[in-house]
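[1] One predicted model, sequence on top.
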Amino acid sequence: MLTIADLLNCFPVSGELVWIGLRPGRGLDVVSVEAAVAEAESGLVGDRYRGGGKRQVTLMQWEHLAVLSSFSGKPVRPEMLRRNLVIRGLNLIALKDRKFRIGAAVFQTTGPCAPCSRMEQILGPGGYNALRGHGGLTAVILESGRICVGDRLTVLPDEDPF
């Protein structure tokens with residue numbers, strides 16, 4: 001029988017990067033791109049969040065867009081949520097405290113990505129609460145590299161499984 005530790009380290013499928021968004025400045029529209037450069041200890045080139053900190057990149061789960069559409073009563077598109085990367089096919093919560101690769105870059109999750117008050121304006125009344133628990137994750141970039149829509153997200157093995 002598998003232990004909980006075994007199950008926590010079991011990632012038989014990879015996710016897929018289906019959307020990349022860059023936020024060029026505070027309050028400006030998110031720009032959808034097909035590729036971006038992830039710069040170690042900094043962020044995505046062209047995004048307003050640059051430099052140190054735990055929120056160099058934000059990730060959202062593709063499957064949650066349908067949930068949010070149901071909660072808000074209108075179609076929710078990735079750019080509305082102001083996240084950087086949208087991943088399909090992998091439960092992002094399972095990436096807690098994990099390192100993973102997308103394209104040539106390596107990331108590590110740093111925590112949940114809470115919604116901002118702007119979601120009330122973008123999604124309408126109740127938008128902030130609709131996004132709670134579905135806001136995705138934050139991550140830092142450990143190794144620089146190019147990422148492209150269509151790249152696989154693969155979870156890296158724990159360096160110390162004990």
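    Thanks, I have the structure now.

[2] What about the residue nearest to Leu85 when sequence neighbours are not counted, how many residues nearby?
    Nearest non-adjacent residue to Leu85, counting by CB to CB, 6 or more residues apart in numbering: Leu59, 4.8 Å away. In short, each C-beta sits where N, CA and C put it, glycine included. Here the number of neighbours of Leu59 (other CB atoms under 10 Å) works out to 24.

[3] what are the bridge partners for Leu59, then?
    Bridge pairing for Leu59 (DSSP bridges) gives the partners Leu85, Leu137.

[4] now it: how far from Asn9?
    According to CB to CB, to the nearest Å, Leu59 stands 20 Å off from Asn9.

[5] ditto for Ser70
    The gap separating Ser70 from Asn9 is 32 Å, by CB to CB.

[6] So between these two, which is more surrounded?
    Asn9 (14 against 11).

[7] Was I right to think Asn84 contacts Trp19?
    No - if you go by CB atoms under 8 Å, Asn84 and Trp19 don't touch, sitting 9.1 Å apart.

[8] between these two, which one's more packed in?
    Remark: of Asn84 and Trp19, Asn84 carries more neighbours, 28 against 21, as counted by other CB under 10 Å.
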